[in-house]
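> From the sequence below, what's the structure:
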Amino acid sequence: MKRTIQIGVVIVVAALAALFYFLNPAEQPLFPKCIFYSTTGYHCPGCGSQRAIHSLLHLNFAGVVSNNALFIPALLLLIYHYSRPLLNKLFHSKLPNIFYFKSTPWIILAIVILFWILRNLPFYPFTVLAPN
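Numbering: from 1, shown residues only. So this is what the prediction gives:
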(Lines give C-alpha, C1' and ligand atoms only; values in the text may rest on other atoms or scores of the structure.)
Protein backbone atom coordinates (compact mmCIF):
# COMPACT_ATOMS: atom_id res chain seq x y z
CA MET A 1 0.00 0.00 0.00
CA LYS A 2 2.77 2.44 0.96
CA ARG A 3 4.61 1.71 -2.30
CA THR A 4 1.43 2.39 -4.31
CA ILE A 5 1.04 5.76 -2.62
CA GLN A 6 4.67 6.63 -3.36
CA ILE A 7 4.24 5.70 -7.04
CA GLY A 8 1.04 7.72 -7.17
CA VAL A 9 2.80 10.76 -5.70
CA VAL A 10 5.63 10.45 -8.24
CA ILE A 11 3.11 10.24 -11.10
CA VAL A 12 1.18 13.29 -9.86
CA VAL A 13 4.38 15.33 -9.37
CA ALA A 14 5.63 14.34 -12.84
CA ALA A 15 2.28 15.27 -14.42
CA LEU A 16 2.26 18.64 -12.64
CA ALA A 17 5.86 19.27 -13.68
CA ALA A 18 4.94 18.53 -17.30
CA LEU A 19 1.94 20.84 -17.03
CA PHE A 20 4.05 23.67 -15.59
CA TYR A 21 6.80 23.04 -18.15
CA PHE A 22 4.58 23.21 -21.22
CA LEU A 23 2.04 25.81 -20.06
CA ASN A 24 3.02 29.24 -18.81
CA PRO A 25 0.87 30.17 -15.78
CA ALA A 26 1.13 33.85 -16.73
CA GLU A 27 -0.60 33.16 -20.05
CA GLN A 28 -3.01 30.29 -19.30
CA PRO A 29 -6.42 30.68 -17.62
CA LEU A 30 -6.13 27.04 -16.42
CA PHE A 31 -4.02 28.08 -13.44
CA PRO A 32 -5.76 29.55 -10.38
CA LYS A 33 -5.17 33.17 -9.46
CA CYS A 34 -4.17 34.16 -5.93
CA ILE A 35 -7.32 34.74 -3.89
CA PHE A 36 -5.53 37.07 -1.48
CA TYR A 37 -4.21 39.26 -4.32
CA SER A 38 -7.54 39.17 -6.16
CA THR A 39 -9.44 40.41 -3.10
CA THR A 40 -6.94 42.83 -1.53
CA GLY A 41 -4.55 43.91 -4.28
CA TYR A 42 -1.61 42.95 -2.05
CA HIS A 43 0.86 40.15 -2.79
CA CYS A 44 0.90 37.19 -0.42
CA PRO A 45 4.17 35.32 0.28
CA GLY A 46 3.24 32.72 -2.33
CA CYS A 47 2.33 35.12 -5.14
CA GLY A 48 4.40 34.35 -8.22
CA SER A 49 5.16 30.77 -7.17
CA GLN A 50 3.41 29.20 -10.17
CA ARG A 51 5.43 31.37 -12.54
CA ALA A 52 8.54 30.59 -10.47
CA ILE A 53 7.95 26.85 -10.97
CA HIS A 54 7.60 27.41 -14.72
CA SER A 55 10.85 29.42 -14.75
CA LEU A 56 12.66 26.81 -12.65
CA LEU A 57 11.66 24.00 -15.00
CA HIS A 58 13.13 26.07 -17.85
CA LEU A 59 16.28 26.69 -15.75
CA ASN A 60 15.60 30.42 -15.72
CA PHE A 61 16.83 31.19 -12.20
CA ALA A 62 16.56 34.94 -12.66
CA GLY A 63 12.89 34.41 -13.53
CA VAL A 64 12.42 32.30 -10.40
CA VAL A 65 13.84 35.02 -8.17
CA SER A 66 11.96 37.81 -9.94
CA ASN A 67 8.64 35.99 -9.45
CA ASN A 68 9.19 34.89 -5.84
CA ALA A 69 12.48 35.50 -4.03
CA LEU A 70 11.57 33.04 -1.26
CA PHE A 71 11.02 30.17 -3.69
CA ILE A 72 14.66 29.02 -3.98
CA PRO A 73 15.42 29.13 -0.22
CA ALA A 74 12.19 27.20 0.44
CA LEU A 75 13.09 24.66 -2.24
CA LEU A 76 16.58 24.24 -0.79
CA LEU A 77 15.10 23.65 2.68
CA LEU A 78 12.76 20.99 1.29
CA ILE A 79 15.62 19.30 -0.58
CA TYR A 80 17.67 19.30 2.63
CA HIS A 81 14.78 17.87 4.64
CA TYR A 82 14.10 15.00 2.25
CA SER A 83 17.72 14.20 1.33
CA ARG A 84 19.05 14.32 4.92
CA PRO A 85 18.23 10.66 5.74
CA LEU A 86 19.91 9.51 2.52
CA LEU A 87 22.98 11.68 3.18
CA ASN A 88 23.21 10.37 6.74
CA LYS A 89 23.05 6.81 5.47
CA LEU A 90 25.57 7.33 2.64
CA PHE A 91 28.15 9.21 4.69
CA HIS A 92 27.48 7.57 8.06
CA SER A 93 26.89 10.98 9.56
CA LYS A 94 24.32 12.61 11.81
CA LEU A 95 23.11 15.72 10.01
CA PRO A 96 20.49 17.29 12.23
CA ASN A 97 16.97 17.88 10.99
CA ILE A 98 16.77 21.64 11.37
CA PHE A 99 12.98 21.50 11.04
CA TYR A 100 12.79 19.95 14.50
CA PHE A 101 14.74 22.69 16.26
CA LYS A 102 12.51 24.58 18.67
CA SER A 103 13.20 27.97 17.06
CA THR A 104 12.91 26.91 13.39
CA PRO A 105 9.14 27.44 12.95
CA TRP A 106 9.38 30.89 14.55
CA ILE A 107 12.32 31.89 12.35
CA ILE A 108 10.52 30.70 9.21
CA LEU A 109 7.32 32.48 10.27
CA ALA A 110 9.24 35.72 10.92
CA ILE A 111 10.97 35.52 7.52
CA VAL A 112 7.67 34.85 5.71
CA ILE A 113 5.85 37.70 7.48
CA LEU A 114 8.75 40.10 6.87
CA PHE A 115 8.84 39.09 3.19
CA TRP A 116 5.06 39.53 2.98
CA ILE A 117 5.26 43.06 4.36
CA LEU A 118 8.34 44.16 2.41
CA ARG A 119 7.12 42.92 -0.98
CA ASN A 120 4.03 45.14 -0.65
CA LEU A 121 5.87 48.37 0.12
CA PRO A 122 5.40 50.72 -2.85
CA PHE A 123 8.97 52.04 -3.08
CA TYR A 124 12.37 50.86 -4.25
CA PRO A 125 14.12 48.54 -3.36
CA PHE A 126 11.09 46.65 -2.01
CA THR A 127 9.17 46.86 -5.30
CA VAL A 128 11.75 44.38 -6.63
CA LEU A 129 10.26 41.74 -4.32
CA ALA A 130 6.83 41.95 -5.96
CA PRO A 131 6.26 39.29 -8.63
CA ASN A 132 6.61 40.29 -12.27
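
> going forward, measure contacts between C-alpha atoms and count neighbours the same way
Will do.

> what about Y124, is that helix, strand or coil?
Three-state call for Y124 (DSSP: H, G, I helix; E, B strand; the rest coil): coil.

> Would you map the strands across this protein?
Secondary structure of the chain (DSSP state E): no strands present.

> do you know how far the most far-flung residue of the chain relative to its centre is from L76?
In the chain, the residue that sits farthest from the middle, by Cα atoms, centre = their mean, is H92; the gap is 29.8 Å. H92 is 22 Å from L76, where distance means Cα to Cα, to the nearest Å.

> Also L109?
17 Å.

> Same check on F123?
For F123, the distance to L76 - Cα to Cα - is 29 Å.

> Below-threshold pLDDT in the chain: ranges please.
Filtered on pLDDT under 70, the chain yields no residues whatsoever.

> could you list every residue that touches the most centrally placed residue in it?
Note on the chain: the residue nearest the mean C-alpha position is F71, at 3.8 Å, using Cα atoms, centre = their mean. Contact analysis of F71 by Cα atoms under 8 Å, 6 or more residues apart in numbering lists S49, A52, V64, V65.

> I'd like those written out as CSV, with distance to S83 and neighbour count added.
Output for the contacts of F71, formatted as CSV (distance: Cα to Cα, whole Å; neighbours: other Cα atoms under 10 Å):
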residue, distance to S83, neighbour count
S49, 22, 19
A52, 22, 27
V64, 22, 25
V65, 23, 21
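
> Check those against L129 and report the nearest one.
When the contacts of F71 are compared for distance to L129 (Cα to Cα), V65 wins out at 8.5 Å.

> if I pick the closest one, what's in contact with it?
Neighbouring residues of V65 by Cα under 8 Å, 6+ apart: A52, F71, I72.

> do the same with F20
Contacts were defined as Cα under 8 Å, 6+ apart; by that measure F20 touches Q50, I53, H54, L57.
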